[in-house]
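**Student:** Any chance you could fold what I've pasted below:
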Amino acid sequence: MQSLNTQPVRGPLVSGTPELVRIGWRERVDLPDWNLRGVRAKIDTGARTSAIDVAQYELLENDRVRFEVVSRVKPVRRTRWVEADLVRTSRVKPSSGEVQERLVCVTRLRLGPHEHDIELSLVCREGMLCRMLIGRTALAGRYLVDSERKYLLTSRTKPSPPPKGSL
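**Tutor:** Now for the predicted structure:
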């Protein structure tokens with residue numbers, strides 16, 4: 001029986017394409033612009049757009065939005081208020097089948113040592129195990145998802161440490 005390789009994919013899959021990093025179907029992520037660390041995220045290749053659990057929001061002037069991010073529910077509920085630029089409104093058809101209008105913001109995602117900007121729709125994910133969902137737009141060209149494994153780049157329980165040189 002062969003063991004599964006949990007290392008990043010070595011070299012380009014096709015000549016001229018970038019290396020892909022192997023990740024599990026669940027990982028801990030940081031959103032440094034919003035001062036959120038260790039958020040449990042489900043990696044969902046079936047979803048186009050990424051989403052984060054928001055309890056409430058308010059629209060502000062100059063295309064800005066203020067919202068309460070739910071970063072943890074158990075053992076103690078933890079939230080943080082964030083203010084960000086609103087980049088667009090999106091129509092999404094979630095698994096419930098009913099089309100929803102969602103506000104979308106852009107922020108930096110840190111997954112292990114890798115960091116890049118992603119779009120996040122603001123939605124109530126009450127009752128879901130993961131406070132965040134990372135969709136295929138954020139994954140494309142960067143990651144290869146191992147659907148049998150969890151937490152290949154990050155710890156199951158501890159938030160990842162901040163990178164060297166940051167506050």
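**Student:** check contacts around the residue nearest the centre of the chain.
**Tutor:** Nearest to the mean C-alpha position of the chain, by Cα atoms, centre = their mean, lies Ile134 at 4.2 Å. Shown in contact with Ile134 (Cβ atoms under 8 Å, 6 or more residues apart in numbering): 27, 29, 41-44, 50, 109, 118. Where C-beta positions appear, they are placed from N, C-alpha and C, glycine not excepted.
**Student:** let's go with 6 Å and repeat that
**Tutor:** Residues near Ile134 by Cβ atoms under 6 Å, 6 or more residues apart in numbering: 41, 43, 50.
**Student:** From the residues you listed, pick the one nearest Glu126.
**Tutor:** Ala41 (16.2 Å; Cβ to Cβ).
**Student:** partners of the closest residue to the closest one other than its chain neighbours in the sheet?
**Tutor:** Closest residue in space to Ala41, ignoring its immediate chain neighbours: Met132 at 4.1 Å, by Cβ to Cβ, 6 or more residues apart in numbering. Met132 has these beta-bridge partners by DSSP bridges: Ala41, Ile52.
**Student:** and if you look at Arg108?
**Tutor:** Asp117.
**Student:** residues near it, how many?
**Tutor:** 13 (other Cβ atoms under 10 Å).
**Student:** surely it meets Trp34?
**Tutor:** No: counting by Cβ atoms under 6 Å, Arg108 sits too far from Trp34 to count as a contact (8.7 Å).
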